Structure formats: C-alpha cells, structure tokens
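Chemist: Generate coordinates for the sequence data below:
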Amino acid sequence: MYKNISLFILFLILTQFACFAQNRVEFIYDNAGNRTERHFIDLTPSKSTLLSDKDGWQKAFDDKISGTEIKIYPNPTKGMVKIDLKNYEEATKGEIRVYDVAGKIVYQNNQISISNTLNLEHLKNGVYVLKLVIGDNATEWKILKQ
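Modeler: Residues are numbered from 1 along each chain as shown. Now for the predicted structure:
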C-alpha cells in the first residue's frame, strides 16, 4: 500500500515539473520549405517585464531572432501593439504579419524599423497570430485583442 502511495506522490511531483517546463520551439526552413533546424527558446517568467500603461500594468514579451532583441507589448491589447527591436539593422529584410484564427492575413507591413506600432483597432475581439520575420528567421506570438 505504501508503495502505491509513494508512486502516486512521485507522479504528482513529476507532472508539476512537466507543466512548468514548457518551451517554445523555433524552426528554420530552407528556400524549398524543408525544415533544416529546430531551436528551443526558454520562456521563463523572468524574460517578461512589466510596463506602465494608462490602463494599468501590461506585460511585455521578449524574444530574440537573428541577433535582434524583440519586445512586444501590450498583450492583451485594446488595439495598439508596439514592437521594439534592439540591434536591428535597417538594411535587413523584415516583415510583420497578423493572421486571424482561419489563417487569413489581417495586417501586413513589409517595411519594419526599430520601433513599430500596429493598429489592430479595426479587428474583432479575439486571438490573432503575430508573425515577425527578420532575415531568414521568424517568430510567432499569440495576440489577444480585447
């Protein structure tokens, strides 16, 4: 009986670690569309910062691709989303796209800079996917429009 209880307690402990061990995966593709690399990105809470906003505190999400540090905020948003890029070279090809849940592009910007503001006020409330492409690499974020 004690063996079963010990196994149950061990199971509970291990499942808790599995829940907190979530990572984001970034895939790199070649020009033919074949996946060539897979990178795990650590998304620990320490990588997020809080920013002051007129509606209270908003969370900013940090990421890094192609040597460029990315900060996306606020999320959730009422319509305006800021994307700040540190170490971004203006000569590097970059693009921002926002997709709805059906995969339709609802926003696109092919000319990105160090500071970008997306106006999503015209969109319905819901979940959208923001895709940021810098050079040959891309990252995706879920954006909640309230």
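
Chemist: Give me the nearest residue to residue 78, chain neighbours excluded.
Modeler: Leaving aside its chain neighbours, residue 78 sits nearest to residue 146 (5.6 Å; criterion: CB to CB, 6 or more residues apart in numbering). The way it works is simple: take the backbone N, C-alpha and C, and place the C-beta from them, glycine included.

Chemist: And for residue 99?
Modeler: Nearest to residue 99 is residue 129, by CB to CB, 6+ apart, at 4.5 Å.

Chemist: quick one on the thing from earlier: what's the neighbour count on the residue nearest to residue 78?
Modeler: The burial metric for residue 146, expressed as a neighbour count using other CB atoms under 10 Å, is 9.

Chemist: So it versus residue 125, what's the distance?
Modeler: 6 Å (CB to CB, to the nearest Å).

Chemist: ok, back up a step: hmm, residue 74 and the residue nearest to residue 78 touching each other?
Modeler: No: look at residue 146 against residue 74 with CB atoms under 8 Å: they stay out of range, at 10.0 Å.

Chemist: quick check: domain ranges of this protein?
Modeler: As assigned by automatic domain parsing, the chain contains the domains 1-43, 45-145.

Chemist: where among those domains is the average confidence lowest?
Modeler: Within the domains of the chain, the stretch with the lowest mean pLDDT is domain 1-43, showing a mean of 66.
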